[in-house]
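In: Provided below for reference: sequence and predicted model.
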Amino acid sequence: NIFFQKYKGSFLNITDLRKCKKCGVVYAFPYPYSAEVEKYYKDGSYFSFVSNQNKKSLKISQKIINQSRINFISSKVSFKKIFKVLDIGSGNANFGLELKKNFSHITYDIVEPDQSIFKENSNLITNFYLNINEIVNEKYDLIILNFVVEHLIDPASYISKTKELLNEGGFIYIEIPNSEYEYKNSYTPHLFFWNLDSFKFFLKSKNFHIIFANTFGMDFENAKKYFNDGKEINKYLKLNFYFLKLYSLLFPENHIKNSQLILNLYKTNGKRNWIKALIQKNE
């Protein structure tokens with residue numbers, strides 16, 4: 001591995017990013033202890049840093065994003081053949097809410113280390129686990145890993161364990177940031193950073209059949225504006241900032257639907273801010 005760049009943000013004792021010369025993955029250094037990372041996600045630190053999971057505007061955007069995920073998965077897989085779904089890192093279980101609206105026959109289980117945030121939707125959930133090691137004698141047709149893998153202390157071992165929870169021929173749907181260091185001023189608390197090539201390398205190394213893997217979302221220039229402009233003090237001097245703020249308060253759904261994040265959900269290929277993959281367990 002070689003030095004890549006300084007770590008943008010502040011998380012535990014991490015100072016740098018290093019890059020594997022073989023597979024191209026970029027990762028945080030010095031590497032934190034497992035116990036440090038687990039504590040961070042269990043005690044509520046993560047969601048207090050990112051966003052209140054029950055915030056109205058977040059739920060509106062999650063609804064639209066989760067509908068797009070279900071539309072994509074259903075274009076590749078028949079949900080009539082999906083009976084059990086596991087959502088790892090489910091947050092407030094909004095994916096399950098949209099899933100059950102469309103496919104009521106599906107059993108929906110979650111893995112979520114922060115117990116406090118999913119209570120409003122607990123009626124959707126059949127089984128709740130704090131971590132995947134608690135899952136015994138359960139197999140799934142579809143496992144969801146939306147913006148989880150970049151947080152993991154050991155993604156290679158974790159994805160192998162996840163694979164063991166699949167029925168033969170079962171599927172995993174994954175979303176991760178793409179080359180986040182290209183467009184974010186801070187990517188705390190992420191530990192791993194892939195581009196499309198290095199992520200495909202990772203999936204193939206675990207002997208998955210890749211049904212689909214590609215970039216999607218905003219191009220890097222729009223992503224830079226979307227993720228970083230909010231931290232620039234100059235924006236407060238612009239009159240349209242106050243107009244947009246008022247508009248977002250009065251018409252939150254329209255405001256979110258017209259955001260760059262949502263408008264670019266179905267755009268793929270090239271330098272875009274996210275990667276999605278649908279992979280299958282080889283029989």
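Out: Received it, and whenever you're ready, just let me know what you need.

In: Which residue ranges of the stretch 101-250 of the chain form strands?
Out: 107-111, 128-129, 140-146, 166-177, 192-193, 208-219 (DSSP state E, counting those that start in this stretch).

In: So what's the residue count around the residue nearest to residue 43 when sequence neighbours are not counted?
Out: In this structure, residue 43 finds its nearest non-sequential neighbour in residue 114, 8.0 Å apart by C-beta to C-beta, 6 or more residues apart in numbering. Backbone N, C-alpha and C define where each C-beta goes, glycine included. Look at residue 114: counted by other C-beta atoms under 10 Å, it has 20 neighbours.

In: Report the contact partners of the nearest residue to residue 118 once chain neighbours are set aside.
Out: For residue 118, ignoring the flanking residues on the chain, the nearest one in space by C-beta to C-beta, 6+ apart is residue 93 at 4.8 Å. Residues in contact with residue 93 (C-beta atoms under 8 Å, 6 or more residues apart in numbering) are 87, 108, 110, 112, 118, 121, 122, 124, 125.

In: quick one: which of these is nearest residue 188?
Out: Nearest to residue 188 out of the contacts of residue 93 is residue 112 (C-beta to C-beta; 20.1 Å).

In: start to end distance for stretch 194-212?
Out: 16 Å (C-alpha to C-alpha, to the nearest Å).

In: Now it: buried residues?
Out: Within stretch 194-212, the residues that count as buried by 16 or more other C-beta atoms under 10 Å are 194, 195, 196, 198, 199, 200, 201, 202, 203, 206, 208.

In: Could you check how far the first one is from residue 24?
Out: Computed as C-beta to C-beta, to the nearest Å, the residue 194 to residue 24 distance reads 8 Å.

In: re the thing from before, ok, the residue nearest to residue 43 - contacts?
Out: Neighbours of residue 114 in contact, by C-beta under 8 Å, 6+ apart: 41, 42, 43, 44, 46, 47.

In: wait, which of these is closest to residue 158?
Out: residue 41 (13.3 Å).

In: I figured the closest one hits residue 112, correct?
Out: No. Using C-beta atoms under 8 Å, residue 41 makes no contact with residue 112, being 9.1 Å away.

In: For this structure, spot the helix or strand the model is least confident about on average.
Out: helix 239-250 (a mean of 47; mean pLDDT, DSSP states H and E).
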